[in-house]
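J.: My questions concern the predicted model and sequence given below.
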Amino acid sequence: MIALAIPLGCLAVAGAVQAGVAAAGLARFARRPPTPPVALPPVTVLKPLYGAEPMLEDALASFCAQDYPEYQIVFGVHASEDPAIAVVRRVAARFPARDIAVVVDATVHGQNGKVGNLINMLPEAKHDVLLISDSDVHVQPDYLRRLAAALEQDGVGLATTLYAGLPASRSIPALLGALQITETFLPGALMARALGREDCLGASMMLRRPTLERVGGFPALVDHLADDHILGVLVRQTGLSVRLADTVPATTVPESSFRALLRHELRWSRTIRTLAPLAHLASAVQYPIALALLALVVAPSVWTVALALGVWAVRASAAAAVARALRPKLGRLASRPALWLLPLRDVLSLAVTAASFAGRRVDWRGQSMLADGIPPEITLGHVPEVIRP
């Protein structure tokens, strides 16, 4: 089986080199001094919610503690019994001076429930600079300033951010999920940008209302699972660019079981595969330890053992460098990476990548749908209820 072990070994070496290059690129990004914004326009933050997920109160509170002169936060849910409302009320009580509203509206607009929620929330937005951010995002106090500085640059239509993983517990599934986001996705996304991609990442999407209207508004996204990617594509089609802000928030990794983690990562992987199948296949090189272990399995020998150990050492060194580089950006949001889990992490990631090519159906918040969305039946609903906490 030496004929199979050699190409696997070559891919593993290439992946180790890629990990080192990506870590070096991230270190340069982290050292770059932040650009202060010239203006600080009023901002409306749109936060679609669904359930009282782990660490939700901490995440929402971080948005209420922004060092920014004028901004509004609009939270949206589909049902008045959603437990997220109680969390919002607790957060609002901690920040009584913050301009907060909650929109409760069961109207269904399409396949993507989050975007449907945003459609229901938008009429309550007071300001023309809009920030769309997922419910599980934790940010530093200067987060809005950093995004505003990126958006005001010439030719920029949308500002977005990288993001790290923040495990909700020290369980192995949560640690594995954080490793995937912080040590693989984040440096890989930055490298892709260095190679010319301008991906929009759903943790942070700041744009002006006229830009949103120009691309068709939220209804243009409601039939797509990868709504963030589609929004970025539409903005770029107008001739404007998608700029990366010099801040790094963290997103909660809530999974406490392997089943939940794999279901989440398979949805993510199948969505990416649907959008860019060849690039997604090529991304398997990001898991060099798994590739080296495959070479060892098919051709056990001294050189394949040495390869596996060497690749593991390089991958671990690169991951540690990523963690060090991100620490100043993340501050209190930085978490200790479980580097000892890297071999298992790479094996799982390679398996999920392979499984992503075996179908298109995914599970999203208990709903089964296709990775590229299904044309919906639009249901008209009632007049939304607006709550002032």
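T.: Here it is on my side, so go on. Numbering: from 1, shown residues only.
J.: any low-confidence regions in the stretch 51-200 of the chain?
T.: Counting by pLDDT under 70, the stretch 51-200 of the chain contains no low-confidence residues.
J.: where exactly do the strands run in it?
T.: With DSSP state E, counting those that start in this stretch as the definition, the stretch 51-200 of the chain shows strands at residue ranges 71-77, 99-104, 129-132, 137-138, 156-160, 164-167.
J.: and His229, which of those is closest to it?
T.: Proximity to His229 (Cβ to Cβ) singles out strand 156-160 among those, at 10.8 Å. To be clear about C-beta, it is placed using only N, CA and C from the backbone, and glycine gets the same treatment.
J.: so what's the most centrally placed residue in the chain closest to, chain neighbours aside?
T.: Nearest to the mean C-alpha position of the chain, by Cα atoms, centre = their mean, lies Ala203 at 4.9 Å. On the basis of Cβ to Cβ, 6 or more residues apart in numbering, the spatially nearest residue to Ala203 that is not a chain neighbour turns out to be Tyr163, at 4.1 Å.
J.: now Ala308
T.: Ala292 (4.2 Å).
J.: got the domain boundaries for this protein?
T.: Domain segmentation of the chain under automatic domain parsing yields 2-28+263-368, 37-255.
J.: from the ones you listed, which stretch is densest packed?
T.: The highest average neighbour count among these, using mean count of other Cβ atoms under 10 Å, belongs to domain 37-255 at a mean of 20.
J.: tell me how far the ends of that domain are from each other?
T.: With Cα to Cα, to the nearest Å as the measure, the ends of domain 37-255 fall 37 Å from one another.
J.: Likewise for stretch 219-232?
T.: One end of stretch 219-232 sits 15 Å from the other (Cα to Cα).
J.: Could you shift the numbering so residue one becomes 875, and keep it that way?
T.: Done: numbering now begins at 875, and the last item shifts to stretch 1093-1106.
J.: What mean pLDDT does that stretch get?
T.: Confidence over stretch 1093-1106, taken as the mean pLDDT, stands at 89.
J.: how far does that stretch sit from the chain's center?
T.: Centroid displacement of stretch 1093-1106 relative to its chain, using Cα atoms, centre = their mean, to the nearest Å, is 14 Å.
J.: In contact with Ser1130: list those residues for me.
T.: Applying Cβ atoms under 8 Å, 6 or more residues apart in numbering to Ser1130 gives the contacts Ala1042, Ser1043, Ser1045, Pro1047, Ala1048.
J.: can you put the residues you listed in JSON lines and add distance to Leu1021?
T.: JSON lines is the format used below for these (distance: Cβ to Cβ, whole Å):
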{"residue": "Ala1042", "distance to Leu1021": "25"}
{"residue": "Ser1043", "distance to Leu1021": "29"}
{"residue": "Ser1045", "distance to Leu1021": "32"}
{"residue": "Pro1047", "distance to Leu1021": "31"}
{"residue": "Ala1048", "distance to Leu1021": "27"}
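J.: Helices of the stretch 1125-1263 of the chain, start to end?
T.: Secondary structure of the stretch 1125-1263 of the chain (DSSP state H, counting those that start in this stretch): helices at 1132-1149, 1151-1156, 1162-1172, 1176-1204, 1216-1230.
J.: can you check the stretch 975-1124 of the chain too?
T.: With DSSP H, counting those that start in this stretch applied, the stretch 975-1124 of the chain shows helices at 987-995, 1017-1025, 1046-1053, 1060-1068, 1083-1088, 1101-1111, listed in chain order.
J.: quick one, which of those helices is nearest to Arg902?
T.: When the helices of the stretch 975-1124 of the chain are compared by Cβ to Cβ, helix 1060-1068 sits nearest Arg902, at 9.3 Å.
J.: what's the spacing between stretch 918-929 and its chain's center?
T.: Relative to the mean C-alpha coordinate of its chain, stretch 918-929 is positioned 14 Å out (Cα atoms, centre = their mean).
J.: same deal with stretch 1210-1225?
T.: Centroid separation between stretch 1210-1225 and its chain, computed with Cα atoms, centre = their mean, is 19 Å.
J.: Now tell me what touches it from outside.
T.: Among residues not part of stretch 1210-1225, those counted as contacts by Cβ under 8 Å, 6+ apart are 1046, 1049-1050, 1052-1054, 1056-1058, 1136, 1139, 1158, 1160-1165, 1167, 1186, 1189-1190, 1193-1194, 1196-1197.
J.: Next one: the residue nearest to Ala1077 relative to Ala890, how far apart?
T.: From Tyr1037 across to Ala890, the span is 25 Å (Cβ to Cβ, to the nearest Å).
J.: again, but for Ala901
T.: Taking Cβ to Cβ as the criterion, Ala901 is separated from Ala890 by 17 Å.
J.: The residue nearest to Ala1077 against Val1011, yeah?
T.: Yes: here Tyr1037 lies in contact with Val1011, judged by Cβ atoms under 8 Å, at a distance of 7.0 Å.
J.: So for those two, which residues contact both of them?
T.: For the pair Tyr1037 and Val1011, residues contacting each of them under the criterion Cβ under 8 Å, 6+ apart are Ala1077, Ser1078, Pro1123, Ala1124, Thr1125.
J.: re the thing from before, of the helices of the stretch 975-1124 of the chain, which is nearest Arg968?
T.: Of the helices of the stretch 975-1124 of the chain, the one closest to Arg968 (Cβ to Cβ) turns out to be helix 1017-1025, at 17.8 Å.
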